[in-house]
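In: I'll drop the sequence and a predicted model, then ask my questions.
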Protein chains: 2
Amino acid sequence: MNSPVLKPPETFFHSKLFRGLGNEELAELTAICQRKRLSAGDKLIEQHSAAQNVYVVVSGTLMIERLSRSGRRQVIAFSYSGDYIGFTNTEEYEYSVVALRETELQVFPRRDFLTLVDRFSTLKTNARQIGGNVLAQTLDQLFALGQKKAHERLCFLLAQISRRQCGTQNADIELIMSRQDIADYLGLTIETVSRAFARLKTMQLIEIVSAHRIRVLDRSVLEELASVN
Amino acid sequence: MNSPVLKPPETFFHSKLFRGLGNEELAELTAICQRKRLSAGDKLIEQHSAAQNVYVVVSGTLMIERLSRSGRRQVIAFSYSGDYIGFTNTEEYEYSVVALRETELQVFPRRDFLTLVDRFSTLKTNARQIGGNVLAQTLDQLFALGQKKAHERLCFLLAQISRRQCGTQNADIELIMSRQDIADYLGLTIETVSRAFARLKTMQLIEIVSAHRIRVLDRSVLEELASVN
DNA sequence: CGAGACGTTGAACATAATCAATGAGAGTGG
DNA sequence: CCACTCTCATTGATTATGTTCAACGTCTCG
């Protein structure tokens, strides 16, 4: 089963999804896995298209968004390395997915992937856990939008990205997305987002190195304001 | 397998979860199923407690809510007959669940239930579909909180309840929950909710029969304002 | 009938949206 | 290399929306 065409196993450990899997299982996954590269701005998934693939982010950043007929947009999530996308239970994607920069993905045909999830108990457990995390994350965002003020919502986003990028950098947060993306994620306007940044700066919580690079000065207060609790 | 202790099968068809199951499968489900009755105000699930059971609502109404240390509250959903609760993938409930009136439930030990979901492909398919619906519903709410004005959010709730109660009544909507519950569901205050009702009345979309009974006068406009699209 | 909880309405205030102008940075072509 | 332009971000002024505080209604249940 450890055929020479087996891709380097470390690529499979990017995602929690593949944690603890045996070699045979990884081999089967490898067999149905393809690679995909996207450039900034490329669309991975079109809203309302048939859900055919499951993707795992190897590197890069993507944005998951929902558009309405009336032109309003809700950004649902930003996806980083290790995240998986399109593991939907519905037959249609209910959102679009766009790359925010150079992004590398693993592609699994959804049907085959679901079959393997059924067969491999470890994979099943992992999938369930991650599925639970997705819902939990969405509920956190729901809480933020329903109960928090503008600057608290921004803390929510910053803390979230910071957690994802932990280890990547020192204490700096790289904001690959535009102010409009942030605004549509937090249910605000770009002007309000801008003022929220200014406010956090005045509060000495952050330093605005550049528009897309933020240095966290007081993590505990940031987390406090971000907290759902 | 059609033993005499088998409970009336129609009780199992309340939920979409049990659609299309064979008699043997229903018998196994019956074997692990218990009943529970709640009165208005009774708590079914305490936030952060261990996720031990899966519940299916037979009759009544429940409210799913999340509380923060700081006392803020986000109502996540209202659950009606046929809904299921606690089919979480995490080991801990991340929300509390309270009965809003006399409610009857089916109780399944979560571990046993998950085992049966694995074994019965029909049940698995149904569970996946319903799981997808839960996420879809949460995303709709996210969109409403992020992008909609107060009176549109109220339309969102009214349309949703109306759809759930379709067939139960003529065109009247019964609002079993309090104004505070509605406010915490929509991310507003009770005063704003009250004014939103007044506004929809002025717009001739609804008639306020009583505080807890709303008659829909123009369904199409209501749906339009409620729409995520 | 009275008490208490819940809901509505009004007035003042706060927050965020909108409209408008300015500023900063990246890419282009002279 | 330096203007020039274009896009994106920030800041200010004004307006709109929703919150807060307060008073008043209404309904239910003794």
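Out: That came through, no problem.

In: residue A:54 in helix, strand or coil?
Out: Classification of residue A:54 by DSSP: H, G, I helix; E, B strand; the rest coil places it in strand.

In: quick one: buried residues of the helix of greatest length in chain A?
Out: Assignment by DSSP state H gives helix A:121-147 as the longest helix of chain A. Along helix A:121-147, these residues count as buried under the neighbour rule (16 or more other CB atoms under 10 Å in any protein chain shown): A:123, A:126-127, A:129-132, A:134-136, A:138-147. C-beta here means a position set from N, CA and C on the backbone, and glycine is covered the same way.

In: from residue A:219, how far off is residue A:166?
Out: Distance, residue A:166 to residue A:219, by CB to CB, to the nearest Å: 11 Å.

In: for residue A:70, same thing?
Out: 39 Å.

In: got it, and residue A:122?
Out: Remark: distance between residue A:122 and residue A:219 (CB to CB) = 34 Å.

In: near DNA strand C, which residues of chain A are found?
Out: By CB under 7 Å from any atom of the strand, the residues of chain A that approach DNA strand C are A:149-151, A:187-189, A:191-192, A:210-211.

In: go again with 10 Å.
Out: Within chain A, the positions adjacent to DNA strand C are A:148-154, A:183, A:186-196, A:199, A:209-212 by CB under 10 Å from any atom of the strand.

In: can I see the domain layout of chain A?
Out: In terms of domains, chain A is parsed into A:9-143, A:149-226 (source: automatic domain parsing).

In: hmm, the first one in reach of chain B?
Out: Pointing back at domain A:9-143 there. Yes - with CB under 8 Å from any CB of the partner chain as the criterion, chain B is reached by domain A:9-143 at A:66, A:68-70, A:72-74, A:76, A:88-90, A:94-95, A:118, A:128-129, A:131-136, A:138-139, A:141-143.

In: what's the answer for the last one, then?
Out: Yes - contact between domain A:149-226 and chain B is present through A:184, A:186-187 (criterion: CB under 8 Å from any CB).

In: out of the residues of chain A next to DNA strand C, which sit inside strands?
Out: Among these, the ones falling in strands (DSSP state E) are A:209-210.

In: follow-up on the earlier one: which one's more surrounded, residue A:70 and residue A:219?
Out: For residue A:70 versus residue A:219, the count of surrounding residues by other CB atoms under 10 Å in any protein chain shown is larger for residue A:219: 15 against 11.

In: please report how far whichever residue of chain A sits closest to DNA strand C lies from DNA strand D.
Out: Residue nearest to DNA strand C within chain A: residue A:192 (3.0 Å; CB to the nearest atom of the strand). Using CB to the nearest atom of the strand, to the nearest Å, one gets 8 Å for the distance from residue A:192 to DNA strand D.

In: just residue A:218 next, same as before
Out: 19 Å.

In: who's in contact with the spatially closest residue to that residue that is not a sequence neighbour?
Out: Excluding its sequence neighbours, the residue lying closest to residue A:218 (CB to CB, 6 or more residues apart in numbering or on different chains) is residue A:205, at 4.9 Å. Contact partners of residue A:205, counting by CB atoms under 8 Å, 6 or more residues apart in numbering or on different chains, are A:155, A:216-218, A:221-222, A:225.

In: need those in TSV with neighbour count, secondary structure and pLDDT, can you?
Out: Shown next, in TSV, are those (neighbours: other CB atoms under 10 Å in any protein chain shown; DSSP: H, G, I helix; E, B strand; the rest coil; pLDDT from 0 to 100):
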residue	neighbour count	secondary structure	pLDDT
A:155	26	helix	98
A:216	19	strand	96
A:217	15	coil	96
A:218	14	coil	96
A:221	15	helix	97
A:222	21	helix	97
A:225	21	helix	97
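
In: just the buried residues of stretch A:164-179, please?
Out: So for stretch A:164-179, counting by 16+ other CB under 10 Å, buried means A:164, A:173, A:175-177, A:179.

In: and the contacts of it?
Out: A:61, A:63, A:78, A:80, A:100-101, A:158, A:161-162, A:182, A:185, A:190, A:193-194, A:209, A:211-216, A:219.

In: next one: stretch A:133-144
Out: Residues contacting stretch A:133-144 (CB under 8 Å, 6+ apart): A:76-77, A:152-153, A:156, A:186, A:228, B:66, B:68, B:72, B:74, B:76, B:88-90, B:94-95, B:134-135, B:138-139, B:141-142, B:145.
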